[in-house]
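my questions are about this predicted structure, shown below with the sequence.
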Amino acid sequence: MKALGQVFVAALVLTSGVAHARHPGASRLIYMNRFGGEYYDGWPDDSRMNRASALAVDRAVLPAYPYDDTWGELVECVRDVFADFDVYVTEEDPGDLEHIEVVVGGSGEDIGHPEAGGIAPGTCSVLENAVVFVFAGDSTDLDRLCWTAGQEAGHAYGLDHVTFCDDIMTYDFTCASKDFTDVDAYCGEYVSRPCRCGGDTQNSHQLLLERLGPHPANAPPTVSIVAPADGAVVGPGFAIDVEATDDFGVDYVRLEIDGENVDTDGLEPWGFVAPADLANGTHSIAVQAVDYDGDSGSDAITVTLSGSDACPEPPCDPDAGSAGDGGDAPRHRAYGCGCGATPGPVAASFWIALALYVMSTRKIRFASDR
């Protein structure tokens with residue numbers, strides 16, 4: 001028991017297996033920390049100083065979350081859990097801005113709670129700048145990690161445990177999905193008990209609406225691939241130029257090639273360079289823009305990779321109107337392709353070869369006349 005507060009422990013053990021400004025539409029931040037760090041015992045919590053009252057030791061060093069390929073899915077799941085409320089879930093350290101910090105990685109032993117799958121300080125109201133822990137160990141169970149992260153962050157917002165299986169705040173992990181439910185659920189871990197903050201039941205959804213407010217209205221971002229054009233023939237290491245806009249601001253743009261995550265760009269102007277080892281042939285290119293609310297928009301094209309430099313856009317039909325810029329761009333003229341393009345190096349070689357052929361035939365004819 002910490003002074004002025006209490007610690008909520010998730011008993012489920014999972015050992016089996018330049019910062020952004022505050023999002024203008026959200027009043028609170030949740031920072032998903034995958035990099036671990038050094039934390040010190042103390043009250044009250046202060047995520048800006050790595051002071052955490054949930055520690056059972058004076059000092060703890062938490063390792064990083066070990067799985068690069070699943071981290072993005074975990075963050076998206078936590079965003080979905082809090083999607084109804086006025087809070088933004090970020091992957092970047094907010095620095096001196098007030099925020100709840102969810103440290104994902106390591107085990108309960110790292111902070112002196114070997115039995116825990118997650119742990120958080122608990123009060124009956126919002127504990128600003130709380131630090132909570134989700135012990136990933138070697139687990140790859142994203143649902144359980146997500147639900148544990150939601151539960152520990154929920155404690156920081158003043159929520160108790162409940163016995164209702166569909167609610168994030170339960171110890172019962174047998175249900176297929178979980179949320180902050182709009183249900184008057186009995187408090188308790190494995191059996192019902194009076195709620196720590198009064199009464200016999202808790203409505204997690206309504207309490208978070210009261211303490212955080214509803215999710216602000218926001219349209220998803222718009223995004224488009226401006227180059228190359230859909231259907232283009234491209235060379236190795238081709239550039240992908242993207243335009244993305246949003247009324248609250250674009251957080252980042254993600255690139256996928258053939259359905260696989262390739263790269264993420266967090267700075268405008270948005271753009272990528274395709275991997276140099278991408279195989280020849282047809283490929284699907286998709287981009288997803290995500291705003292500070294976690295809402296997203298996407299665009300996709302198909303290109304054909306050639307083994308050597310080729311026209312960045314399909315050649316146009318002069319009789320049917322131009323395609324793209326009609327071959328007027330310098331990059332088109334360099335390749336000697338596109339409508340109205342001046343002959344490039346390949347075309348010039350052809351004319352030189354033809355001229356030599358004509359000259360040679362004339363010499364043969366002149367010799368026969370003599």
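Everything's here; your move.

do a quick rundown of the helices in the stretch 151-300 of the chain.
Secondary structure of the stretch 151-300 of the chain (DSSP state H, counting those that start in this stretch): helices located at 204-212.

skipping adjacent residues, who's closest to residue 238 in space?
Of all residues not flanking residue 238 in the chain, residue 274 sits nearest, at 5.0 Å (CB to CB, 6 or more residues apart in numbering). C-betas here are computed from N, CA, C, even on glycine.

the one you found and residue 227, how far apart?
12 Å (CB to CB, to the nearest Å).

which neighbours do those two share?
Residues touching both residue 274 and residue 227 by CB atoms under 8 Å, 6 or more residues apart in numbering: 239, 240.

what does stretch 80-89 contact?
22-23, 25-30, 32, 75, 78-79, 146-147, 149-150, 153, 168, 178-180, 205, 208-209, 212-216, 292-294.

and if you look at stretch 295-308?
The contact list for stretch 295-308 (CB under 8 Å, 6+ apart) reads 218-225, 228-236, 238, 242, 244, 246, 274, 278-290.

give me the number of residues near residue 224?
A count of neighbours around residue 224, defined by other CB atoms under 10 Å, yields 15.

isn't it up against residue 240?
No. Using CB atoms under 8 Å as the test, residue 224 is too far from residue 240 to be in contact (11.4 Å).

thinking again about what came up before, confidence score at the residue nearest to residue 238?
For residue 274, the model assigns a pLDDT of 94.

repeat that for residue 118.
pLDDT, residue 118: 95.

next one: residue 347
40.

any idea which element residue 71 lies in?
Taking DSSP states H and E as the criterion, residue 71 maps to helix 68-81.

averaged pLDDT, that helix. What do you get?
pLDDT averaged over helix 68-81 gives 92.

helix or strand next in line after that helix, which one?
Going down the chain from helix 68-81, the next helix or strand is strand 87-90, by DSSP H and E.

list the strands paired with that following strand, with their directions.
With DSSP bridges as the test, strand 87-90 is paired with strand 28-33 (parallel).

quick one, the partner strand and helix 68-81 angle?
Put simply, strand 28-33 runs at 160 degrees to helix 68-81, going by axes from the mean of the first three to the mean of the last three CA atoms, to 10 degrees.

can you give me how far strand 28-33 is from the chain middle?
How far strand 28-33 lies from its chain's middle: 13 Å, per CA atoms, centre = their mean, to the nearest Å.

give the buried residues for that strand.
28, 29, 30, 31, 32, 33 (16 or more other CB atoms under 10 Å).

and the gap between the second one and residue 167?
Residue 29 sits at a distance of 23 Å from residue 167 (criterion: CB to CB).

tell me which residues of stretch 106-116 are tucked away?
By neighbour count on 16+ other CB under 10 Å, the buried set for stretch 106-116 is 106, 107, 108, 110, 111, 113, 116.

okay, that stretch in PDB with CA atoms only?
Extracted in PDB, the C-alpha atoms of stretch 106-116 (Å, rounded to 0.1, in the frame of the first residue of the first chain):
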ATOM      1  CA  GLY A 106      10.000  -7.200 -19.000                       C
ATOM      2  CA  SER A 107       8.400  -9.100 -16.100                       C
ATOM      3  CA  GLY A 108       6.900  -8.400 -12.800                       C
ATOM      4  CA  GLU A 109      10.100  -9.500 -11.100                       C
ATOM      5  CA  ASP A 110      11.800  -6.400 -12.600                       C
ATOM      6  CA  ILE A 111       9.800  -4.100 -10.300                       C
ATOM      7  CA  GLY A 112       9.400  -6.500  -7.300                       C
ATOM      8  CA  HIS A 113       6.000  -8.000  -8.200                       C
ATOM      9  CA  PRO A 114       6.800 -11.500  -9.600                       C
ATOM     10  CA  GLU A 115       3.200 -12.600  -9.600                       C
ATOM     11  CA  ALA A 116       1.900  -9.800 -11.800                       C
END
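
domains of the chain?
According to automatic domain parsing, the chain comprises the domains 6-212, 222-346.

return the distance of residue 103 relative to residue 110.
Using CB to CB, one gets 10 Å for the distance from residue 103 to residue 110.

need the contact partners of stretch 242-254.
Residues from elsewhere that reach stretch 242-254, judged by CB under 8 Å, 6+ apart: 20, 23-25, 90, 218-226, 261, 263-266, 268, 270-272, 287-293, 295, 297, 299.

these, buried ones only, as a PyMOL selection?
The PyMOL command for the buried members of these (criterion: 16+ other CB under 10 Å) is given here:
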select buried, resi 20+23+25+90+218+220+221+223+225+263+265+270+271+272+287+288+289+290+291+292+293+295+297+299
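
filter the contacts of stretch 242-254 down to the ones in strands?
Those of those mapping onto strands are 90, 222-226, 261, 263-265, 271-272, 287-291, 297, 299, per DSSP state E.

ends of stretch 229-237, how far apart?
15 Å (CA to CA, to the nearest Å).

can you check stretch 107-118 too?
For stretch 107-118, the first-to-last residue distance is 9 Å (CA to CA).
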